[in-house]
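Undergrad: Sequence plus the predicted model coming up.
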Amino acid sequence: MIKTFKIYTLGCKVNQYDSERLKIYLKEFGLSPINVGADLAIINTCSVTKATGHKNSRMLALAKKDNPKAKLILVGCWARIYGNDLRNFGVDLVLTDKNPEILAQAIAEYFSLKKISLIKHTELVASNRSRYTIKVQDGCEQFCSYCIIPYSRGKLWSRPLNEVLGETQKAVDKKYPEIILTGIHLGLYKDEETNTNLSGLLKKMLALGGNIPYRLSSIEITEVSDELIDLYYKNLLLAKHLHISLQSGSDKILRLMNRPYRIAYFEDRINKIRKLMPDFAITTDIIVGFPGETDQDFEDTCAFVKKIKFSKIHVFPFSAHEITPAFSLPGQNSSDVIKKRARLLRELSVSLEKDFYQKFLNKNLPGIITGKRAGKYFAKTEYFFDVEVKDEKNHCLGEKIIVSL
Ligand code: SF4
């Protein structure tokens, strides 16, 4: 008889959120979460890079070790791509749906469990006290040539507006210090029934009151509309930071990546933001060593990055999944070249981070305590960088304070 479960999660914020929501729905069937020795172990897998295949296997081994008698279930992106082939890993069930509610029903059906309670779709998931992350969208149909996500997460899907607002209201009532909207292709949020896009959703969330700041986890440059920029300009509660993936500063590489913009467009949009809000923080992702990327293309990327003045760059050494077109493109770079470019771009990121930080020296900024490292508290500012708190007081996670740089 299955009574207890444990969920192991790999990957992005969306996966983390899905696991927490699955946990809520499994409780409807009378199952209780425990840490070890569970009757059921669910591994919510990831497939974002080639390396994650090994991470999934390691997580599965850990789940078997912690829960020796457990039935094992694989869900998530790896399960959706390889399906029942993964039964060879000695698991009982592979489930490919991405909706946590449907996953819970499938698990209940497999183990003949009956629903003993009803949980609202707006129930809050467990969350770190320093912020509440709410998933509002899933799926992507862009098919960038290096990306596995459209294969694993499928078609665009937006959560109904009333559900999103219901959950947000609860997070507001609980006085979370910040709410982060997350999704796979967040900029394409669209509630069809009410014709509400991402800007409309933010407006409705802001109207809930509570003086809570909001942040977007990421957005594509093609979805940074004039309407959205205007909303950010007029609303102090929208954190002045956007994470916008550039991926390359070479138009030739952007074309090979099947990215739907060129650098002139990217620059134009950023200029539009910075004209209204000069200190606005823009962080980004860049892939180095993409097939066909020459030294000149890489230099163009570095030059463009300096021009845009990103406040932080997440550098991804190219590594494609075998089912993506980029895997078999000609002009693959050697691992030495990829490593060298990654190191150089990371060094550039550190220097840009310092330049951005300098803008705020001797200023006071609102921050939220996000943790303690080596005896020192750290606070996250709306510009997304962390500041070491200089006072000697004790602070709580999520506490709002003013930090001076
Ligand atoms: S926009 Fe491109 S990189 Fe982003 S999830 Fe979609 S396919 Fe992947």
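TA: Done, it's in.
Undergrad: Could you list which residues are in contact with residue 118?
TA: Applying C-beta atoms under 8 Å, 6 or more residues apart in numbering to residue 118 gives the contacts residue 28. No exception for glycine: its C-beta is placed from N, CA and C like everyone else's.
Undergrad: Report how many residues lie close to the closest residue to the ligand within the stretch 251-400 of the chain.
TA: The nearest approach of the stretch 251-400 of the chain to the ligand comes at residue 259, 7.3 Å away (C-beta to the nearest ligand atom). For residue 259, the neighbour count with other C-beta atoms under 10 Å is 22.
Undergrad: Surely it and residue 247 touch.
TA: Yes - assessed by C-beta atoms under 8 Å, residue 259 is found in contact with residue 247 at 5.9 Å.
Undergrad: shared neighbours of those two, anything?
TA: In contact with both residue 259 and residue 247: residue 144, using C-beta under 8 Å, 6+ apart.
Undergrad: Local confidence estimate at residue 128?
TA: Looking at residue 128, its pLDDT reads 79.
Undergrad: Now it: closest residue in space that isn't a chain neighbour?
TA: residue 397 (7.0 Å; C-beta to C-beta, 6 or more residues apart in numbering).
Undergrad: ok, that neighbour touching residue 369?
TA: Yes - with contacts counted by C-beta under 8 Å, residue 397 reaches residue 369, the gap being 5.9 Å.
Undergrad: Of those two, give the one with the bigger neighbour count.
TA: More crowded of residue 397 and residue 369, by other C-beta under 10 Å: residue 369, with 21 against 15.
Undergrad: mind checking the SS state of that one?
TA: Judged by DSSP: H, G, I helix; E, B strand; the rest coil, the three-state class of residue 369 is strand.
Undergrad: Spit out the contact partners of it.
TA: 130, 377, 378, 379, 389, 395, 396, 397, 398, 399, 401.
Undergrad: Can you name the residues bridging to it?
TA: Judged by DSSP bridges, the bridge partners of residue 369 are residue 379.
Undergrad: So it versus residue 133, what's the distance?
TA: Residue 369 sits at a distance of 17 Å from residue 133 (criterion: C-beta to C-beta, to the nearest Å).
Undergrad: gap between the two ends of stretch 68-78?
TA: 23 Å (C-alpha to C-alpha, to the nearest Å).
Undergrad: Now find how far off-centre that stretch is within its chain.
TA: 23 Å (C-alpha atoms, centre = their mean, to the nearest Å).
Undergrad: Let me know the average pLDDT across it.
TA: In this model, stretch 68-78 carries a mean pLDDT of 95.
Undergrad: buried set for that stretch?
TA: 70, 71, 72, 73, 74, 75, 76, 77, 78 (16 or more other C-beta atoms under 10 Å).
Undergrad: Walk me through the domains of the protein.
TA: 4-110, 132-358, 364-404 (automatic domain parsing).
Undergrad: one step back: hang on, the residue nearest to residue 128 in a helix?
TA: No - counting by three-state DSSP, residue 397 is not found in a helix; it is coil.
Undergrad: Tell me the pLDDT of it.
TA: 92.
Undergrad: swap in residue 275?
TA: In this model, residue 275 is scored at 98, pLDDT.
Undergrad: What are the contacting residues of stretch 302-309?
TA: 246, 249, 263, 266-267, 270, 282, 284, 286, 313, 344-345, 348, 352, 355-356.
Undergrad: Averaged pLDDT, that stretch. What do you get?
TA: 98.
Undergrad: ranges for the helices of the stretch 101-250 of the chain?
TA: 149-153, 161-173, 198-206, 226-234 (DSSP state H, counting those that start in this stretch).
Undergrad: Indicate which one of those helices is closest to the ligand.
TA: Distance to the ligand, taken as C-beta to the nearest ligand atom, is lowest for helix 149-153 among these, at 3.9 Å.
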